[in-house]
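# This is a predicted model, with the sequence first.
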Amino acid sequence: MEYFINCNSSTLAPYTTPLDEVRAAHLYRRLGFSASVQTINAAVGQTAGTLIDNLVDQALAAPAIPAPEWADWNNANYPEDDDLARQLRSAQIEDFTAAYGNALVNNELHDRMSFFWSNHFVTQLGIYNCPGFLYYYINCLQRNALGNFKTFTSEIGLTSAMLYYLDGVRNRGNNPNENYARELYELFTMGEGNNYTEEDIIETSKALSGYTERGEEGCTQVTFDPTEFNTDNKTIFGQTGNWGYDDVIDILFNERPNEIGWFICKKLYEFFVHPDSTGDEGNGIAPQIIDGMAQTFISSGFEIAPVLRQLFKSQHFFDETAIGVIIKSPADLYFNFLKESGFSYDDGTIINMMDSCSLIGQRFFEPPEVEGWQRDRTWINTNFIIGRWLTMEVFLERFFQNNPEEFRNLAVAAVGPTNSNTSNPEIVVRALVNKFTPKGLLTEADFERAMDAFKIDDVPEEYYSPDYYPGGTSQWMLQISAETPTQVYILLRHLSREPEFQLK
């Protein structure tokens, strides 16, 4: 897979040209987990400004997943038998996994962002293994996904998931643990070595101490124990006082706004626009774009939504060189296809897709390390690409066995009403290629191979000719030919192995 150098020279000025199909699809692939033919068609002709405002407003208003009945359970609520307790926890986690998977598929920008933050404010379920901790962690991500980043940073650090994962529960005043303080600066707000010292970390760890009350080990939410708090004066970024948790957050955002602004906006840029944030050999415009985003971020008091509005409405985001240059994550691979195909699915499909993500490098709630998944080129290696092909074939076969006619319906929707009963296979193939790839296939030879796949071996070439039957009145037709569902199925199997299918 070729690595794309960022040659985008467009600015943050608003993109005012009415959206065409390519850019409408580009928007939905990046802003959410893609969209149906109907949603893309409805976006064509709209202006980016109006559409983006509506989508951001919807995301801001979207509710978090309701609390399950077990959200506040502690050890006393689980069976005394360890095996039975483990089984019940596993069942609860699976139910919640399905609920979150459905949120990702259905909630567009809201849960695209909550998932983005899960790879920023990283925890690992395997460390704490408590359904209630997982629920409140995801709840924090969802509630703050497009909100205020300072508030978000403060709240996420007090979730039991984070307190367990980065040793906050072991941060006692007389024996400080530096783990969370270090990651707060290095990975969560400013970036490695960016205007903080080892002494700042040590002093910060003292100010963060005391969140150690956890009852029995297990599923009791962590609370503050004032007897475990370090009451000495601490000096953080030159500010001295008997600082506590809230003081740390205030000092950090007051004293280091520029570092925070650049670091967070760079991550947003690399996630939504292009993995290369330096530009062509370090001479590109991307740093200027990040500067503009950071200015918006800081001037708004660290509100996330204004930055996203600015970016998604920009000429830079819709530039030709920004389209199809990010490698799909495993979640993108499956969920994008689910949305784009419109095929019927249930919770079992969602769980199977999330399990398949684990096979190709993206285990939900378990990023491999505190730095998170590194994305883009790391999604593609020999094992992972074969896994992508084989798992997509499994899902395609399941969808086909479940309802072959949905494959015909997909093709009819893709070609549009004026071609809904076409007898020209090229129209169908081109529509489906354009639906499932950002900018089509690379060469005409690639397209011809897709055509060959669609025509399937046991149907003669003459079958597609108007003169195949006497009088030229009977021929292959999209709406009525018995072979059509199989043809679409085989074409999608072919496309799922093409390099362009791996991009968004």
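Received the coordinates, thanks.

# And the helices in the stretch 401-504 of the chain?
405-415, 425-436, 444-455, 484-495 (DSSP state H, counting those that start in this stretch).

# Nearest to Phe364 among those helices would be which one?
Ranking the helices of the stretch 401-504 of the chain by proximity to Phe364 (Cβ to Cβ) places helix 425-436 first, at 23.9 Å. All C-beta atoms are positioned from the backbone trio N, CA, C, and that covers glycine.

# what's the offset of the closest one from the middle of its chain?
Offset of helix 425-436 from its chain centre (Cα atoms, centre = their mean, to the nearest Å): 26 Å.

# Next, count neighbours for the closest residue to Val37 other than its chain neighbours.
Leaving out its chain neighbours, the residue that sits closest to Val37 by Cβ to Cβ, 6 or more residues apart in numbering is Ala413, at 4.2 Å. Using other Cβ atoms under 10 Å, Ala413 has 18 neighbouring residues.

# Please shift the residue numbers so they start at 47 in all later answers.
In the new count, where the first residue is 47, that last one comes out as Ala459.

# Against Glu443, how distant is Ala459?
21 Å (Cβ to Cβ, to the nearest Å).

# mind putting the helices of the stretch 447-550 of the chain in JSON lines, distance to Trp435 and mean pLDDT included?
Compiled in JSON lines, the helices of the stretch 447-550 of the chain are given as follows (distance: least, Cβ to Cβ, whole Å; pLDDT from 0 to 100):
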{"stretch": "helix 451-461", "distance to Trp435": "19", "mean pLDDT": "98"}
{"stretch": "helix 471-482", "distance to Trp435": "14", "mean pLDDT": "97"}
{"stretch": "helix 490-501", "distance to Trp435": "14", "mean pLDDT": "96"}
{"stretch": "helix 530-541", "distance to Trp435": "9", "mean pLDDT": "97"}
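
# Ok, which of those helices comes nearest Asn221?
Per Cβ to Cβ, nearest to Asn221 of those: helix 471-482, 55.9 Å.

# And the strands in this structure?
Taking DSSP state E as the test, the strands found in the chain are 280-282, 285-287.

# who does the first one touch, helix- and strand-wise?
I take that to be strand 280-282. On a contact count with 3 or more Cβ pairs under 8 Å, 6 or more residues apart in numbering; DSSP states H and E, strand 280-282 meets helix 244-253, helix 291-301.

# May I see these organised as CSV, with distance to Lys196, mean neighbour count and mean pLDDT added?
Shown next, in CSV, are the helices and strands packed on strand 280-282 (distance: least, Cβ to Cβ, whole Å; neighbours: other Cβ atoms under 10 Å; pLDDT from 0 to 100):
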stretch, distance to Lys196, mean neighbour count, mean pLDDT
helix 244-253, 16, 20, 98
helix 291-301, 5, 18, 98
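
# Can you tell me which of the ones you listed is nearest to Pro114?
The nearest among these, by Cβ to Cβ, is helix 291-301 at 28.0 Å.

# which ones are touching the residue nearest to Val83?
Shown in contact with Ala459 (Cβ atoms under 8 Å, 6 or more residues apart in numbering): Ser82, Val83, Gln84, Gly388.

# Likewise for Gly486?
Shown in contact with Gly486 (Cβ under 8 Å, 6+ apart): Arg476, Val479, Asn480, Phe493, Glu546.

# which of the residues you listed has the most neighbours?
Within the contacts of Gly486, Val479 tops the neighbour count with 24 neighbours, counted by other Cβ under 10 Å.

# who's in contact with that residue?
By Cβ under 8 Å, 6+ apart, the contact set of Val479 is Gly486, Leu487, Phe493, Ala496, Leu541.

# The closest residue in space to Pro352 that isn't next to it in sequence: how many residues sit nearby?
Spatially, and ignoring its direct neighbours in sequence, Pro352 is nearest to Ser346 (4.7 Å; Cβ to Cβ, 6+ apart). By other Cβ under 10 Å, 15 other residues sit near Ser346.

# At the geometric centre of this protein, which residue do we find?
The centroid of the chain falls nearest to Arg158 when counting by Cα atoms, centre = their mean (4.5 Å).

# which residues touch the residue lying closest to it once chain neighbours are set aside?
In space, and not counting its chain neighbours, Arg158 is closest to Gly78: 5.0 Å by Cβ to Cβ, 6+ apart. The contact partners of Gly78, taken as Cβ under 8 Å, 6+ apart, are Asn153, Glu154, Leu155, Asp157, Arg158, Lys385.

# Many thanks, we can stop here.
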